[in-house]
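J.: got a structure for you, letters missing:
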Ligand code: UDP
């Protein structure tokens, strides 16, 4: 039995690119297999994808672009990840719907929360794309908002190259240590950077638990869903 009935999985853009720009089909196929295993285990799954493997608005702004336009480019990049994931999920035989916060009827449904819940009840995976549809937000915050609105039991944050929340960035500070559990209050007051602060605050205010864990080794998403204690639990 899964430890959670309905989960919101946040996949950052880095996961799709396998570390480079664009989409790596082999990587996305492997992620799709992992998600299928979660569906087969009986959990309902919603997904929010990031888009950092294409564009991040703040980075384009540093190179001279208007922030608002750059953020919209970021949101369109996210949709490409959603379509790639949908394709590989359907190849695995998993029914999938993409819902976007920016309407684009030819490629996806519009974001309709009650319909998303209905899809999940029918065993379909729902992929929420185009972020919140608004500049100046990150997909971390969107993941929490969508989880709350679609009544998920937990936010699962799957990361590339890091296996949980550390006291500092382990890629920079060799003395950083991994935390098994951290409260939202501490995550915010200690300025832990693994998710953005708005996401931590929104989760904390609504007492929604979050598990941050690494994508390696394969099978970790299912392990977390089945209740194995890996990564870091962030809770009230
Ligand atoms: N973005 C946005 N509004 C949103 C979500 C995302 O403007 O509601 C833009 C923003 O420019 C962001 C980009 O989309 O940098 C990609 O999202 P994010 O950086 O969160 O992706 P990740 O880091 O998870 O790959």
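T.: Yep, that arrived. This structure is a prediction, so every number in the text was calculated from the model and none was measured.
J.: for the longest helix seen in the chain, which positions count as buried?
T.: Counting residues, the longest helix found in the chain (DSSP state H) is helix 67-91. Residues 70-82, 84-86, 88-89 are the ones in helix 67-91 that count as buried (16 or more other C-beta atoms under 10 Å). Just so you know, the C-beta spots here come from the backbone N, C-alpha and C atoms, and that holds for glycine as well.
J.: so is the helix or strand harbouring residue 200 next to the ligand?
T.: Take DSSP states H and E as the rule and residue 200 turns out to sit in helix 197-205. No - shown here: helix 197-205 not in contact with the ligand (C-beta under 6 Å from any ligand atom), separated by at least 9.7 Å.
J.: what's that helix packed up against?
T.: helix 139-149, helix 184-189 (3 or more C-beta pairs under 8 Å, 6 or more residues apart in numbering; DSSP states H and E).
J.: OK, contacts around residue 115?
T.: 99, 109 (C-beta atoms under 8 Å, 6 or more residues apart in numbering).
J.: am I right that it falls within a strand?
T.: No - Residue 115 is assigned helix when assessed by DSSP: H, G, I helix; E, B strand; the rest coil, not a strand.
J.: rewinding a little: which among the helices and strands packed on helix 197-205 is found nearest to the ligand?
T.: helix 139-149 (3.4 Å; C-beta to the nearest ligand atom).
J.: any idea of the mean pLDDT for that closest one?
T.: Taken as a whole, helix 139-149 has a mean pLDDT of 98.
J.: residues near the residue nearest to residue 86 when sequence neighbours are not counted, how many?
T.: In space, and not counting its chain neighbours, residue 86 is closest to residue 96: 4.8 Å by C-beta to C-beta, 6 or more residues apart in numbering. Here the number of neighbours of residue 96 (other C-beta atoms under 10 Å) works out to 22.
J.: residue 14 reaches residue 160, doesn't it?
T.: Yes - using C-beta atoms under 8 Å, residue 14 is in contact with residue 160, at 4.5 Å.
J.: I appreciate the help and will end here.
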